[in-house]
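Novice: I'll drop the sequence and a predicted model, then ask my questions.
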Amino acid sequence: MNVNIDKYVNTSDVLFDIVDPRDIHLALDVFEKDVTLLRLGQKMMAYTNSNPDKKYICKIVLIGKDLTDQRKTEVHCHFEQYDKNLLPGTFMNAEIEVTANNALALPEDAIVNYENKSYVFKVKAKNAYEMIEIKLGVTKDGYVELAASNTEFKNLTFVTKGAYSLLMKMKNTGEDE
């Protein structure tokens, strides 16, 4: 705040903000419906709008107990490693992992769609493949989860690249294996 010598200030006027750079934290607004999914110590990834590819790992240290008029509460997080280029007051977004499940997943390139069904190719032997119908789960970061009913696939080997070319070759020659 700019001040002049001999300028009077009210007791409610803020003249200075004192910032301790050793204890910078992230304050997030979280909607009421999502607060129940959070817990202390939970890890999350934060990023700025100007550089969304640079992720900052944080840990939740405080979850507010009161809601604003917009039905939000404040959640405070500490950075695992603070970047001195982040300025106090910077707007940030966060991705918080609320559930973690072990899942069987394959690269998106391993899955082909044929006649409105999803398939993968199981490796039977060198240059021998079997086309297997699968049910898909969640897709994230280039990988597709094999739905829970596909747990029998756990110890099998699958084609991960060139599955579409293999499908075309099999369908053009009339082979299913």
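Specialist: All right, it came through fine.
Novice: which helix in the protein has the most residues?
Specialist: When the chain is parsed with DSSP state H, its longest helix is helix 163-173.
Novice: mind listing what's buried in that one?
Specialist: Under the neighbour-count criterion of 16 or more other Cβ atoms under 10 Å, helix 163-173 has 163, 167, 170 buried. (C-beta placed from N, C-alpha, C; glycine too.)
Novice: model confidence over stretch 164-175, on average?
Specialist: Computed over stretch 164-175, the mean pLDDT rounds to 77.
Novice: how many neighbours does K140 have?
Specialist: Other residues lying near K140 total 9 when counted by other Cβ atoms under 10 Å.
Novice: center of this structure, which residue is that?
Specialist: Residue closest to the average C-alpha location in the chain (Cα atoms, centre = their mean): E95, at 5.2 Å.
Novice: now that residue: how far from K55?
Specialist: E95 is 8 Å from K55, where distance means Cβ to Cβ, to the nearest Å.
Novice: hey, what's in contact with both of these two?
Specialist: 45-47 (Cβ atoms under 8 Å, 6 or more residues apart in numbering).
Novice: show me which of those residues are buried.
Specialist: A46.
Novice: nearest to E108, of the shared contacts of E95 and K55?
Specialist: Within the shared contacts of E95 and K55, distances to E108 taken as Cβ to Cβ reach their minimum at M45, with 21.7 Å.
Novice: who does the host helix or strand of the closest one touch, helix- and strand-wise?
Specialist: Secondary structure from DSSP states H and E places M45 in strand 43-48. Other helices and strands packing on strand 43-48, by 3 or more Cβ pairs under 8 Å, 6 or more residues apart in numbering; DSSP states H and E, are strand 56-63, strand 72-79, strand 92-96.
Novice: and the angle from it to strand 72-79?
Specialist: Strand 43-48 and strand 72-79 are oriented at 100 degrees to each other (axes from the mean of the first three to the mean of the last three Cα atoms, to 10 degrees).
Novice: name the residues that touch strand 43-48?
Specialist: For strand 43-48, the surrounding residues in contact (Cβ under 8 Å, 6+ apart) are 26, 53-60, 77, 79, 86, 90-97.
Novice: also stretch 89-107?
Specialist: Stretch 89-107 has contacts (Cβ under 8 Å, 6+ apart) with 26, 28, 34, 37-38, 42-49, 52, 56, 58, 60, 77, 120, 137-138, 142-146, 150-151, 153-154, 158, 160-161.
Novice: if any of the residues you listed are buried, give me the PyMOL selection for them.
Specialist: Selecting only the buried entries of these in PyMOL, with 16+ other Cβ under 10 Å as the criterion:
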select buried, resi 26+28+38+42+44+46+48+56+58+60+77+120+137+144+145+146+150+153+158
